[in-house]
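A.B. asks: quick one: sequence and predicted model below, then my questions.
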2 protein chains.
Amino acid sequence: MAETEPPTTDSATMDKIVSLCRRRGFVFPSSEIYGGLGSTYDYGHYGVLLKNNIKARWLEAMTQERDDIVALDSAVILHPKVWEASGHVSGFTDPLVDCRVCKKRFRADRLEDERCERKPSLQPGQGPECDLTEARQFNLMFETTVGAVQEAGSKAYLRPETAQGIFINFKNVLQVARRKPPFGIAQVGKSFRNEITPGNFLFRVREFELMEMEFFVPPAEAEQWHRTWIDERLRWYLRYGLREGRLRVRAHTGEELSHYSSATSDIEYLYPIGWSELEGVANRGDFDLRQHTTHSTTTLEYVGSDGERYVPHVIEPAVSVERMFLAFVIDGYDEEVVGDRQRTVLRLHPQLAPVKAAILPLVAKDEGMVSRARSLYDDLRDGFMVEYDDGGAIGRRYRRQDEIGTPFAFTIDEQTLADDTITVRDRDSLAQERIGVAQAPAYLGEAVRRHWTSPKFK
Amino acid sequence: MAETEPPTTDSATMDKIVSLCRRRGFVFPSSEIYGGLGSTYDYGHYGVLLKNNIKARWLEAMTQERDDIVALDSAVILHPKVWEASGHVSGFTDPLVDCRVCKKRFRADRLEDERCERKPSLQPGQGPECDLTEARQFNLMFETTVGAVQEAGSKAYLRPETAQGIFINFKNVLQVARRKPPFGIAQVGKSFRNEITPGNFLFRVREFELMEMEFFVPPAEAEQWHRTWIDERLRWYLRYGLREGRLRVRAHTGEELSHYSSATSDIEYLYPIGWSELEGVANRGDFDLRQHTTHSTTTLEYVGSDGERYVPHVIEPAVSVERMFLAFVIDGYDEEVVGDRQRTVLRLHPQLAPVKAAILPLVAKDEGMVSRARSLYDDLRDGFMVEYDDGGAIGRRYRRQDEIGTPFAFTIDEQTLADDTITVRDRDSLAQERIGVAQAPAYLGEAVRRHWTSPKFK
């Protein structure tokens, strides 16, 4: 086992994270060849694989490991009345002021963070004041027009959350999936918010994928289920390797609560920008089902076979793929000195890692090693996302795999040709062991599934 | 083995497909409690699982089973100049006419399919003519406004295809993923088209998920790669069980070609509405990379280490998840008489099937059977999407699983309590065999992965 320094825990600045994501093809600024589009990102190969693993693990925890939750995928553009009923048309707004000088808009409640483009500062005493209008409410929903009908009424919205698509399907699921509370409906899907002040890399972006689960419960059980889901979601983060010391639960104060919420607790993560929301777990009460009952033609309630009848209350854990992506990359990011070299390593849980193993012939020009390596690669990729790499010195190839978080490297060397064994290098401990090449698929299958403890917990 | 009639092949009318999808919770009409929103659908539990399996198998075939394709996930709202360069702002249009009587719009090139709401018919000789305007071009891109900037220029579009997000990242991928042609970039993502005449269930909808792969090749190899990808995609459909007799390749005539295409062949499927496009495989030439080079600040070309320099040509297989979903459900749909009963069965490939196995205690009130069944269920769901069901008579439970396409049912009965064996029922052949309960996970793992031949090919 190679000698290592104890891992540092505060090396992950946001600049380093952005740089790694760009350098290794996780995340690119979007529309870059056209000068970019603020706070919009495109995901490269490893970014897609990591996001897909995050979504798969979330959906699996909700719908495969439990009996009481089913999946749903509703449309982005729903009937516009959905957003009247939900309160988003009237209430999903930020207060904005216009600057008559630079013609930009700013959030009236965050003026201290803003800069007028033509004046040195918005802050009193530090330069001439901007010429600001009174604050007005600005709706965060993107608008569009559906169809080619000439009359009014074809205005529509891009959903700012997936939850409403779940509420309007409550009755469908109740009937078809033969459910009774407590039960949940889980959805992963793109959502859009016309944020005025997006920023901090992936933390606040205008389009994002929400993972939301609405858990319908008898009213008397709502508070207990709220606590249960906060605990359940915390456990999920720990299971996939986030440091406990960088997670905390914070209950919203009355002023912070959304219009639909009777209680919300945020699971916060210690990002480089400080403690901030990772996931919200809200008790939405019966607000949404009652609103849709009032505005639609359908009564949304549970009626038991014994005649029992009530409007369920709803507990909602909601998190965006982007924030989770950011938290996992930050938490996994590590720099350490190995011998006389520094390496950067992404200590991702093997089930989240984009690539499960790299297959590396030690000498790229050795036909025997290459042919053994290609053959192992073909065996492994039948069941795993693996990579074959014969480009450059072995040390450089290891560092590349470390930076994309590949938990295992299988190296084919001289000895392989003699005795059919390969070297397995562990990303985190740097321990190396030899196994038979025929055992590799079973070894990898077992290693990816087994309980994982990262050295970052040492 | 139970006696079966040979499967019928033409039982899948569109009405029956819509009905099954609704009844079993694959697909619901969207926003139904608000009177619906034309041609928009929400996917229920099994629909989500089937869609996710389709997307995973497609992405796996592109990026895991091959070496030469990487994944990408670009934004829905790109810089608006992307769509000027691509030709979509000026050319992605349908010719429309307005009716001055009913105030509706119709596609000028499909008037024979249209009906004016106030007049009995648009067809000459069958009633008074509509009062139609001259045809005008109507752009199919949804428009929206980004940000709160007051000036003009914040107009943006929802992408009508994912391909442009790939072209504008061509240079990023070239650099970061260290690729040289021939290589491909694959993307799965939501796209939006403001279709005037959507319809035929999932066949033409306004929002859909495209699976597109842009394969960049040396210009001289374009035609050969075009043929290769048509063959490759056809083989993929056969591998996942579509009937060969319901697939055909049809080359576009010159008039049909899109503005970007130098040659396109459709892989067509025999839907209940007739032969129609399932997937398009286009030779886009160098149109897109040249357009973006002209309109942006970046030269999009390949430069080899030996100084070789060219603009690659692009071969694009493109298909929507929705059409593939529809084709797999139609192709798998079967009605057959078993003994004195008719059953409906969805013969989906086990790797596509939403649920891999049902675990059924024969007698729901027998505590021994229930506890054995729950224990097997817990073992299996560690690795597979499986369902436990103890509701109702066993025949009814089998029929429910047949209709959602579950390939295997594991039944726990009296004998299980005595000798630890269970019955495995095969969805397609209805053959039953007994295996040891401890073997069930390995049995299922093997059965799901092995080559599958559906009885529909008999």
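C.D. replies: Nice, I can see it.
A.B. asks: quick one: residues contacting A:V188.
C.D. replies: Counting by C-beta atoms under 8 Å, 6 or more residues apart in numbering or on different chains, A:V188 touches A:K55, A:W58, A:L59, A:D73, A:T162, A:E209, A:L210, A:M211, A:V321. No exception for glycine: its C-beta is placed from N, CA and C like everyone else's.
A.B. asks: and what about the second one, helix, strand or coil?
C.D. replies: In terms of secondary structure, A:W58 is helix; the call rests on DSSP: H, G, I helix; E, B strand; the rest coil.
A.B. asks: distance of it from chain B?
C.D. replies: Distance, A:W58 to chain B, using C-beta to the nearest C-beta, to the nearest Å: 12 Å.
A.B. asks: count the neighbours of the nearest residue to that residue once chain neighbours are set aside for me.
C.D. replies: In space, and not counting its chain neighbours, A:W58 is closest to A:M211: 5.0 Å by C-beta to C-beta, 6 or more residues apart in numbering or on different chains. A:M211: 21 surrounding residues under other C-beta atoms under 10 Å in any protein chain shown.
A.B. asks: swap in the one 4 residues further on?
C.D. replies: The tally of other residues near A:F215 (other C-beta under 10 Å) stands at 27.
A.B. asks: surely it meets A:V314?
C.D. replies: Yes. In terms of C-beta atoms under 8 Å, A:F215 counts as a neighbour of A:V314; the distance is 6.6 Å.
A.B. asks: let me see the domain layout of chain A.
C.D. replies: The record's domain parsing of chain A by automatic domain parsing lists A:14-83+A:159-330, A:93-139, A:355-457.
A.B. asks: okay, the residue nearest to A:W58: pLDDT?
C.D. replies: You'll see A:M211 listed with a pLDDT of 98.
A.B. asks: surely it is in a strand?
C.D. replies: Yes. Checked against three-state DSSP, A:M211 lies within a strand.
A.B. asks: residue contacts, it?
C.D. replies: A:K55, A:W58, A:L59, A:A186, A:Q187, A:V188, A:A318, A:V319, A:S320, A:V321, A:M324.
A.B. asks: redo those as a markdown table? Include pLDDT.
C.D. replies: Below are the contacts of A:M211 laid out as a markdown table (pLDDT from 0 to 100):
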| residue | pLDDT |
| --- | --- |
| A:K55 | 98 |
| A:W58 | 98 |
| A:L59 | 98 |
| A:A186 | 98 |
| A:Q187 | 98 |
| A:V188 | 98 |
| A:A318 | 98 |
| A:V319 | 98 |
| A:S320 | 98 |
| A:V321 | 98 |
| A:M324 | 98 |
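A.B. asks: which of these count as buried?
C.D. replies: Neighbour-count burial (16 or more other C-beta atoms under 10 Å in any protein chain shown) applied to those gives A:K55, A:W58, A:L59, A:A186, A:Q187, A:V188, A:A318, A:V319, A:S320, A:V321, A:M324.
A.B. asks: which strands border the helix or strand where the fifth one lies, and is each parallel or antiparallel?
C.D. replies: To tie it back to what came earlier, the one meant is A:Q187. Element membership for A:Q187 (DSSP states H and E) is strand A:183-192. Partners of strand A:183-192 in the sheet, by DSSP bridges, are strand A:69-71 (parallel), strand A:207-217 (antiparallel).
A.B. asks: give the next helix or strand downstream of the longest one.
C.D. replies: Spelled out, it's strand A:207-217. Strand A:207-217 is succeeded, C-terminally, by helix A:222-239 (DSSP H and E).
A.B. asks: quick one: A:E223 from chain B, how far?
C.D. replies: Going from A:E223 to chain B by C-beta to the nearest C-beta gives 28 Å.
A.B. asks: can you check A:G391 too?
C.D. replies: In this view, A:G391 and chain B are 7 Å apart by C-beta to the nearest C-beta.
A.B. asks: ditto for A:M385
C.D. replies: Going from A:M385 to chain B by C-beta to the nearest C-beta gives 5 Å.
A.B. asks: what sits against that residue?
C.D. replies: Applying C-beta under 8 Å, 6+ apart to A:M385 gives the contacts A:L49, A:P354, A:V355, A:K356, B:T63, B:Q64.
A.B. asks: would you list these in a markdown table and tack on neighbour count and secondary structure?
C.D. replies: Putting the contacts of A:M385 into a markdown table (neighbours: other C-beta atoms under 10 Å in any protein chain shown; DSSP: H, G, I helix; E, B strand; the rest coil) gives the following:
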| residue | neighbour count | secondary structure |
| --- | --- | --- |
| A:L49 | 25 | helix |
| A:P354 | 24 | coil |
| A:V355 | 20 | coil |
| A:K356 | 22 | coil |
| B:T63 | 22 | helix |
| B:Q64 | 18 | helix |
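A.B. asks: so which of those is the closest to A:V205?
C.D. replies: Of all the contacts of A:M385, A:V205 sits closest to A:L49, with 19.5 Å by C-beta to C-beta.
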